[in-house]
Every structure is written in C-alpha cells, then in structure tokens.
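Asker: Here is a sequence with its predicted model. Questions after.
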Amino acid sequence: MSLVPISPGRRRKDALMRALLAGATALALLPLLLIVYFLIRKGVGAWSGSFFSTDPNGNFLGDPGGIKSAIIGTLEMVGLATLISVPIGIGVALYLVEYGRESRFGSMVRYFVDVMTGVPSIVFGLFVYIALVLTNTGGSGFAGWKGSVALGLLMLPIVTRSAEVVLLLVPDSLREAALALGAPRWRVVARIVLPTALPGLVTGSLLAIARGAGETAPLLFTATLVNGTNLDLSQRTNSLPAQIFSDIGQAQDRLVGRAWGAALTLVLMILSLTLIARLASRRSRLT
Amino acid sequence: MATETRTHFREELERLEEQTLGSLDMVVEALERVAEAIEHQDIELAQLVIEDDDRIDGRYLEVHQGVLSLLARQAPVATDLRVIAALLDVIKHSERMGDQCVNICKLLPLAGHEPPTHPDILRKIVDMANQARFEVSQAKQAFASRDVDLAADLVRQDEIVNRLNRECFRLALEVGDDPDMREWAMHMMLVARSLERIGDNAVDIGEQTAFVVTGLFREFTDASHPELAPPSPAG
Amino acid sequence: MIDPTTAEVSSMDPSEPSTEPAPGRDRPQPTPGAAAMMRRPRSRARDATAKRVAVEELNAYYGQNHAVKDLTLEFLPNEVTAIIGPSGCGKSTMVRCINRMHEEVPNARATGAVRLDQVDLYHPSIDVVSVRRTIGMVFQKPNPFPTMSIFDNVAAGLRLTGVRGISLRDRVEQALRAAGLWDEVEDRLGEPGVSLSGGQQQRLCIARTIATEPEVILMDEPASALDPIATLRIEELVEDLKRRYTIVIVTHNMQQAARVADKTAFMLAGELVEVAETEKIFTTPSDKRTEDYVTGKFG
C-alpha cells in the first residue's frame, strides 16, 4: 500500500469544517464579549471615590449616593453563607466518600444533593421567606442572616458536589496505606485525605462562593433592600444584586448608571474569586 | 487448557530430546558394526566406526549447547528442569559409549591381520556386543516412553554382560602357551572390559529415566554396595 | 529453633543455620541515638521478634463470591513464604485477611481464624487497628503520602497511630537504614516523598511500614510496578528483612518466588493446592496442577 498525498476534495472539506467550527465559536463568544463591552462602557462612568464610600440615600433627584452598603452587605452575607455551607457541604461529601460509598442511605443523600443543585434560586428564597421571615424567627422579619441562610442552602449542594469529586480523586491506595499502618478511619480522613484534597476543596468552595455572591432572587425575599449600611445581620441588609435590581428599573439616568457601576463591581469581585480559584487549582496535586 | 502456552519452548525441548535419543541410535549402529567387526576380524569396518564417532561427538556438542540455551532463555522448572538435566547426563553417557566403541575398534588391528582365535572367547565377546546393543536400545526406549520398570530391568540385562565378562576372563586364563594366542586373548579382555563399561553406561541412562519420572536419583546398583543389587538371574 | 512462648519447634530442619545476622558484613554505622534505641528495651511488653502466623479454615467472600475456600496455612518466623497462583486465585484476598484489610471492602467478609502465635486476630475482643500495627503491609504500587516529606512519610505510621515518647528522628533513621534508603536520602529528608524514583518510593513505603516495628510484613506484589534493577534491590531487601520479621509475599512472578522465598504456596481458584520448600515446588512438585502452573502450561 503506497502513501498518497491528501486529495483536494479532502482538503476542501477540512477547510469548510474548520471555518464552520470557528464560526460557531465566534457566535458563542459574541454575547460574552457584548456583555463585557456594555458593562465596561456603562459601568465605569459611574465609578468614583464617592461611589464606593457613600451609601445609597434613597434620593430620586440629585445625588443618589454610592453603593457602599451594598458592597459591605454582600460581603457580610456571603461570608456568613460560606461559614454555613462550606463546612456542612464538605462534611456531607466526606460522609458520602468515606463511609457511604455503597450504602443505600448514601445513595439517597447523593440523590437529594443532586436534586438540590437543580432547584431554582428563587425557591430557596421563598423557602426561607416562609420558614424564617414570616414567622419572625429571631425577632425580626427580613434580616441579613436569613439571606445568608438562603444563600447557604443554594451553595451547599455545589460545595458538596465539587468536594465529593475532589475527595474521590484522592487515590484509594493512600487510604489503604494509612489503614494498613494501623490508623483509625477518622485519622485517615483528617490527616491524609483532607490534606491531600485541600487545594481542590478550596477551589470548589471558591466557585460556590462566586456563585452565591451573584444570586439575586433569594435575597429579595429575605434580606431585601435597604439603604443604610449596618453591620447587624439581624436587620435588613443591602446587597449588590438587590441594589442593581432596584436601580435598573428607575427612570433616572444616574440611578441606572449606578446600577451598571454596581454590576461591573460585582462582576469584577466574582472574577477575582474565580481567578484565585484557578490559581489554587493549578497548585493542586490531584488535577 | 484451551490455548497452548510456551509452544516454542516445548518444541525446542522435544527437539533436544530427539537429538539426544538420536545419539543413542548412533551408538546402537556403532555396536552393530563392532559386533560384526569382531566376528569377522574386519579391520575396514572397525576403521569406519572410528571415523563415524565424530558424529556422536558432534551431537554431544549440539545437545550441550542446546541445554545451555534453554536454561538461559526459558528458565525451565519442575519436570522440564529434570528432563533437561537428564538429557545432559544421557548425552554424556552416549559420548562415552561412542568412545568405548572407538577403543574397541582400535584394539582389533593390534592383534594382527589373521590372529589365532579361541572360538569360545570369540563367541562370548560377540554375544556381549549384541547384548550391549540390546541394552542401549532398551535404555533409549525406556527414556523415550518414561517407563521406569523397563529402565529398572536394565540391571538384569546388564548382569548378562557382567556374567559373560567373568566367563571370558576365566577362559582367557586357560588359553594355553602360544604367545600369539595369549596376546590375542589379552586384547579380547580389553574389548570385553569396554563392552562391560558400555553396559554400565546404559544402566546409568536407566537411572536418569527414573529421575525424570520420580524426581529421585537412586543408583540401581552401586559398586560399593553390592548387597543392594537385585538378585542375579540363575545361569 | 525453640519458640519460648509455645515451646514448639518452629523450624523443620534442625540443621538449619541460625538466623543471626551474618558476621563481617559491611553495615553502615548507626547514629549514637539509633544505636541506643536498639539496645534499649522496647516500649511494648512483648519482645518484638518475628511471630508465627497460622491461618485456619479461612473463608473469604465478596458478597456472594467465595474467593478463599477453607484455607489452612502456616507462616513461620524469620522465613519468607511466597504465595503464587494465576490471576483471580485468591492470593491477594487471603493475604489481606491476615491483617484484616479485607473487611475494608464493602460487602466483604471472612470467617475462620488467623492466629498470631496463639492469639486469634478475628476474635471479637481484638481491636482491628492494633492488628494492623503488628502486621504491616506493602502494596503493589508505591503509595507515599503526597502531602508529606520523606521524613514525614516514614514517621507517618508512628504519628497516625499516636505513638508518643520516642525519638522520631532515631526511628526514622533506623527504618530508612533498614530499608536501604538512608544513604540516598539522608541529606534531603525534607523533600516531598513523591519526588523519589519508583524503586525508591517503594523502599520508602517499606521504611514507613517497618518504622512502627511490626512483627509480620505482608507484601502484595511489591516489585511488579518496578523496573528489573529496582526489583532485584527489593528482593535483596527482603532477604535482609527476614532476619527480623516474618514475611509473606504475594507474587505472580514465579522466578521471583524462586529467588526470594524459603517456602512457596500455590493457590488455585481460592484453594491451597500445595505448599512446600521452594526448591521442591520448582524441581519436584507433588500435585499435577502445581506442575502445570510452574511449567507454564496455564496461568
């Protein structure tokens, strides 16, 4: 069988396919580029020193103020949500991987976690609204910590899923080696499995946090909207998504401008989180 | 098993065994000629045997090399290992038997062209040669079919050769005063001795057969422990 | 050799040479700390010498799969016993029953007894963790802990089992020397364990195993993931180690069993077919199945 050069028909087909795929990629990238373009163009204009240092003051005319309380509120609520969801989420993942890999109960839990990832975020908000807000739990209606609970519920399955994947990546041979040395199982988990999986767990948590920081619907029903900064999470707390939601529908250009500025801020915050996550995962020894 | 494994190795081992047993055929052929040469005092035939011994020596080298090659490349164990060890031993005995035939054939011309012969001695020597040939044939058969009983029977067969040897010795002592006759008788004794050694070598080959089959090495007869030998047949 | 605790003769052949270390052999000098460690009596009550392991009527299952059938086998102290057999014959399963690693597999169970001297390791009162501290295991693929340095890897066994009050450094050095790795790593103990070559990693795992001073060492195909030179070094090491431990080695490489083991056991389809001195198995096996396996007619 002799070697023959590539036929012109083949060459044409190759070129055509390549062009088609490039076109599809460009088409997919187009909206993304447009978003970035609009964000920057419309948002940067609103940025200023006072933008970041003053609270929105509720004025419709004149200076509407900045978004300080929204930023702080987001940081507070997402922070609390992280404290709730990350330990519990990793705990559930540990159970599924270390103890419940083949048990019926473990399969059930895994199934429910999968279901939870598909629940629309607004449903979490409504659930907390009904369960905590309407019942005035903790002595008040809307409150920042209730927003955290809603966000936490949203983040929980994401943390669990990614943690489970990372924990499964830890080779069983390491667990075997530690068990064969005579270590009790909890020590194997604490001293071998977790440290080995740590970079991956951090990455997964950061991505969940990034997701939680951008959710609007849960916060609307739980922490709602308020202008002033408060560090007391038992009161209504402002947040960036809520602020954007509120501002974007107004007639005043300056308010709309503020919304774009806030959106740009939020996107940049999430972007930096994802970048850190990406850098962390590169140092991981498992992926 | 459904699929054959190590077919290449098995074939090589079989070929090596064929070569080794083939050398025994060569010895049998040589003994046939020796018997005839002795009976008819045929010097030319004796010379042929001497020259043909090169084939047996060549076969020895081939088998020796083949054994080394298989050991190095195939790491044989268990029965295969015993067979290979046995083949090395058998080919050695073959080569020795070939050399003994050469010794016999070298002795024949020394007695002169038309020597005086003692008919009884001559008869017994020829019988010994034929019996030795029969033993070598049986040894080959026993090894090829891994028949331990047939191999053990070689002891009894060899006893015939030993008996004939003793009888020749007695006859030679009383051969008379004729110096030519006496000289011829001495040469015949040496021939008898060589034939007796050939018989011993055949018995040794029988022992190798038993080793391959049982994994135990036991001398059928031990020169230093005659009491262990099986009872000799009458006559 | 008389075993003082059982007063039974534990060696078949009375003319067998003593198991004292060969005199005149060039050995690296231990640090004063390590030397003191060796003279000092051990913290455990018993003298930590090699022990006899007796497997009695062992049956092991994976769910419905009957992997090991009524197996009875003995492993003598200061001896290397090799387990050979075709894939799936149950040899790894059987060995994992000895240190009760078998039960870590979901739906796996085992019945029967495994005696370490006279103590039945399967007795309900025995803590499985303590079993594994006494019976160490080396696996097929070297598995040093990736987050730990060389030093930490060797010390891991001690740290994971909460051993206190001993000099870690001395113990680590002792173990690395015994594993034949000290000279190669003594000036880089802080480097990650995974930075070593495959053969070195396996010796590191062996050092990790012996740092906890077990009495028995189980090896599940310890050299099959290594190149031929590294394999030979591991085999040399096993020769050294048998002076202090009882060693059981599972191998699918028959030549390795022939080189390294004093006794060889042949398993087929979950059953023990034959066990004898290695030389006998490879020159005159009694069972035809053994003969067929070692000569390569199947497997």
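Answerer: Yep, that arrived. Because the structure is predicted, anything quoted here is derived from the model rather than measured.

Asker: could you list every residue that touches the residue in the stretch 1-150 of chain C positioned nearest to chain B?
Answerer: Distances between the stretch 1-150 of chain C and chain B by C-beta to the nearest C-beta are smallest at C:Pro86, namely 10.7 Å. The C-beta positions use only the backbone N, C-alpha and C, and glycine is treated the same way. Residues in contact with C:Pro86 (C-beta atoms under 8 Å, 6 or more residues apart in numbering or on different chains) are C:His252, C:Leu268, C:Tyr293, C:Phe298, C:Gly299.

Asker: Then B:Glu32?
Answerer: Counting by C-beta under 8 Å, 6+ apart, B:Glu32 makes contact with B:Arg133.

Asker: That one and chain C, how far apart?
Answerer: As judged by C-beta to the nearest C-beta, to the nearest Å, B:Glu32 and chain C stand 38 Å apart.

Asker: Roughly how far does A:Ser69 sit from C:Lys141?
Answerer: For A:Ser69, the distance to C:Lys141 equals 56 Å [C-beta to C-beta, to the nearest Å].

Asker: If you count surrounding residues, which of the two has more?
Answerer: Per other C-beta atoms under 10 Å in any protein chain shown, whichever of A:Ser69 and C:Lys141 has more neighbours is A:Ser69, with 22 against 17.

Asker: Point out the other helices and strands that the host helix or strand of that one packs with.
Answerer: Element membership for A:Ser69 (DSSP states H and E) is helix A:68-94. Helix A:68-94 is packed against helix A:49-53, helix A:144-169, helix A:194-213, helix A:240-248, helix A:253-282, with contacts defined by 3 or more C-beta pairs under 8 Å, 6 or more residues apart in numbering or on different chains; DSSP states H and E.

Asker: The residue of the stretch 101-250 of chain A found nearest chain B: helix or strand, and which one exactly?
Answerer: Going by C-beta to the nearest C-beta, chain B is nearest to A:Ser173 of the stretch 101-250 of chain A, at 31.2 Å. Applying DSSP H and E as the criterion places A:Ser173 in helix A:172-180.

Asker: C:Arg109: helix or strand, and which one exactly?
Answerer: Here C:Arg109 sits within strand C:108-116, counting by DSSP H and E.

Asker: ok, residues contacting that strand?
Answerer: Identification of contacts with strand C:108-116 by C-beta under 8 Å, 6+ apart yields C:51-63, C:68, C:71, C:97-98, C:102-103, C:120-122, C:134-135, C:215-216.

Asker: what does the stretch 101-250 of chain C put close to chain A?
Answerer: Residues of the stretch 101-250 of chain C that fall close to chain A, judged by C-beta under 8 Å from any C-beta of the partner chain: C:101, C:104, C:106-107, C:129-133, C:136-137, C:139, C:141, C:143, C:145-147, C:156-157, C:159-161, C:205, C:208-209, C:212.

Asker: Give me the subset of those residues that lies in strands.
Answerer: Mapping these onto strands (DSSP state E) picks out C:Gly136, C:Met137.

Asker: Throw together a PyMOL command that grabs the buried residues out of the residues of the stretch 101-250 of chain C next to chain A.
Answerer: Buried members of those, defined by 16 or more other C-beta atoms under 10 Å in any protein chain shown, are picked up in PyMOL with:
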select buried, chain C and resi 101+129+131+132+133+136+137+139+141+143+145+146+147+156+157+159+160+161+205+208+209+212
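
Asker: Just the ones of the residues of the stretch 101-250 of chain C next to chain A in helices?
Answerer: C:Val129, C:Ser130, C:Val131, C:Arg132, C:Arg133, C:Ala156, C:Gly157, C:Arg159, C:Leu160, C:Cys205, C:Arg208, C:Thr209 (DSSP state H).

Asker: Contact residues of chain B facing chain C?
Answerer: B:1, B:5-6, B:9, B:75-82, B:215.

Asker: Make a ChimeraX selection of the buried ones in the residues you listed.
Answerer: Those of these that count as buried under 16+ other C-beta under 10 Å are selected in ChimeraX with:
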select /B:9,76,77,78,79,80,81,82,215
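
Asker: If we ignore the residues flanking it in sequence, what's nearest the residue in the stretch 151-299 of chain C that chain B sits nearest to?
Answerer: Of all residues in the stretch 151-299 of chain C, C:Thr284 sits closest to chain B, at 3.2 Å by C-beta to the nearest C-beta. Nearest residue to C:Thr284, sequence neighbours excluded (C-beta to C-beta, 6 or more residues apart in numbering or on different chains): B:Gly215, at 3.2 Å.

Asker: which helices and strands sit right next to the longest helix along chain B?
Answerer: Ranked by residue count, the top helix of chain B under DSSP H comes out as helix B:179-214. When contacts are defined as 3+ C-beta pairs under 8 Å, 6+ apart, helix B:179-214 packs onto helix B:7-40, helix B:78-110, helix B:119-144, helix B:148-173.

Asker: Cool, thanks, talk later.
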